[in-house]
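Engineer: What would the 3D arrangement of this be:
(one chain, ligands or ions: 1)
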Amino acid sequence: MPVVAYVDGEFFTDISQAKVSIEDRGYQFGDGVYEVIRSYDGKLFGTQEHMARLDRSLKEIELDLPPGMDIDAVTAVAREALARSTFASALIYIQVSRGTVPRDHSIPEESRSTLVVTVRPFTPATQEVWETGLAAITLPDQRWLRCDIKTVNLLANVLAITKARRMGFQEAILIREGVGVTECSRNNLFIVKDGLCLTAPRSNWILTGITRNFVLRLLAENNIPYEETFFDKGALLAADEVFLTGTGNEVMPITKIDEQLINEGQPGPLTRRIAELFREFVQKSI
Ligand code: PDD
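Structural biologist: Here you go, the predicted model:
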């Protein structure tokens, strides 16, 4: 699969040539943050929002961009990488890690951050897959307490999605003890009950998804009632409709949870409407 990569000022068309030191703190400690942006028709979508979240993640872990770079410079690299790739539909991965220093846990007094960007072609789910919807399994949320930071530490997410897939499901819905349903391993989650949409509130328990935020804005603009609140597994299984949101999946129905069908295994009417509103919004925005 063709890929364009960028490492600290240099572009590569052969990803095997794009390398970072074994002493990079991203590799040794998971000491880094990232973003994933989607392109449509060769244009980045939600750039400002993704870059604002990257900026926030950087600040939350006291991480600087490489010397001489600001967020606009990172955006310019992402745009150039996409242009070089010539892909119309792509996922642009941007990672900043704390750079290469001899291994010691505490944040070094001085380090030069590493910026890595990759661009891969992206094929969205077919309409047939969308109409079938996804099957998700509920699992305990075993992540740390700062899920609002988009850190490269994704081990709990990795283990959750792996377990889900091995059991024949396409997503894992995470449930935090004493909190409720938080989100999925790689997507945010919404339920619909009696015409009301519910999703977990912005908090340290979830990643505040860019797609989630756009969906909330569309709900408000279209007078579709919603609440940002935690709900429990009982409410999840009793929902009329369930859907997830994320950069790659956009708005995707979940039609089966554990062994139970949702809306008789069909995407629900509100999910359909919101997915349509989101697609229109993307076309207007790019
Ligand atoms: N995942 N929640 C988690 C835990 C995520 O990792 C993601 C994104 C989302 C959705 O956020 P957004 O709408 O901004 O894509 C929610 C990305 C795509 C990934 O790790 O590949």
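
Engineer: In this structure, where is pLDDT below threshold?
Structural biologist: For the chain, the stretches flagged by pLDDT under 70 are 1.

Engineer: domains of it?
Structural biologist: 4-121, 127-285 (automatic domain parsing).

Engineer: Close to the ligand: what parts of this structure are there?
Structural biologist: 36, 157, 183, 186-188, 207, 209-212, 245-248 (Cβ under 6 Å from any ligand atom). C-betas here are computed from N, CA, C, even on glycine.

Engineer: Try it again at 5 Å.
Structural biologist: 36, 183, 186, 188, 207, 209, 210, 211, 246, 247 (Cβ under 5 Å from any ligand atom).

Engineer: With mean neighbour count added, can I get the domains of the chain in CSV?
Structural biologist: Below are the domains of the chain laid out as CSV (neighbours: other Cβ atoms under 10 Å):
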stretch, mean neighbour count
domain 4-121, 17
domain 127-285, 18
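
Engineer: surely residue 82 meets residue 90?
Structural biologist: Yes. With contact defined as Cβ atoms under 8 Å, residue 82 counts as touching residue 90 (6.2 Å).

Engineer: before we move on, the earlier item: now the two most distant members of the residues of the chain next to the ligand.
Structural biologist: In the residues of the chain next to the ligand, the most distant members under the criterion Cβ to Cβ are 36 and 183, with 15.1 Å between them.

Engineer: check which helix or strand covers the residue lying closest to residue 224 once chain neighbours are set aside.
Structural biologist: Distances taken as Cβ to Cβ, 6 or more residues apart in numbering place residue 197 nearest to residue 224, at 6.4 Å, with adjacent residues excluded. Residue 197 belongs to strand 196-199 when assigned by DSSP states H and E.

Engineer: Which parts of the stretch 151-286 of the chain are strands?
Structural biologist: In the stretch 151-286 of the chain, the segments counted as strands under DSSP state E, counting those that start in this stretch are 171-176, 180-184, 188-193, 196-199, 226-228, 241-246, 250-257, 260-261.

Engineer: among those strands, which is nearest residue 77?
Structural biologist: Nearest of the strands of the stretch 151-286 of the chain (Cβ to Cβ): strand 241-246, 23.2 Å.

Engineer: hmm, back to that, list the contacts of the residue nearest to residue 224.
Structural biologist: 190, 191, 219, 224, 225, 226, 227, 270, 274 (Cβ atoms under 8 Å, 6 or more residues apart in numbering).

Engineer: Apply 7 Å and report the result again.
Structural biologist: 190, 219, 224, 225, 226 (Cβ atoms under 7 Å, 6 or more residues apart in numbering).

Engineer: Now do the third one against residue 175, distance only.
Structural biologist: Same thing as residue 224. Note on residue 224: its distance to residue 175, by Cβ to Cβ, to the nearest Å, is 25 Å.

Engineer: The fourth one too?
Structural biologist: In this structure, residue 225 lies at 24 Å from residue 175, with Cβ to Cβ as the measure.

Engineer: Ok, residue 197 next?
Structural biologist: Residue 197 is 19 Å from residue 175, where distance means Cβ to Cβ.

Engineer: Please, where are all the strands along the stretch 1-150 of the chain?
Structural biologist: Along the stretch 1-150 of the chain, counting by DSSP E, counting those that start in this stretch, strands occupy 4-7, 10-12, 32-40, 43-44, 90-97, 114-121, 134-140.

Engineer: Does anything pack onto the fourth one? Which helices or strands?
Structural biologist: Counting contacts by 3 or more Cβ pairs under 7 Å, 6 or more residues apart in numbering; DSSP states H and E, strand 43-44 is packed against helix 71-85.

Engineer: Can I get the strand holding residue 197 as PDB, trimmed to CA atoms?
Structural biologist: C-alpha atoms of strand 196-199 as PDB (Å, rounded to 0.1, in the frame of the first residue of the first chain):
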ATOM      1  CA  LEU A 196     -33.500  11.900  22.800                       C
ATOM      2  CA  CYS A 197     -29.800  11.400  22.000                       C
ATOM      3  CA  LEU A 198     -27.400  10.700  24.800                       C
ATOM      4  CA  THR A 199     -23.600  10.700  24.800                       C
END
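
Engineer: now the longest helix seen in the chain against strand 32-40, angle please.
Structural biologist: As assigned by DSSP state H, the longest helix anywhere in the chain is helix 269-285. Computed with axes from the mean of the first three to the mean of the last three Cα atoms, to 10 degrees, the direction of helix 269-285 lies at 90 degrees from that of strand 32-40.
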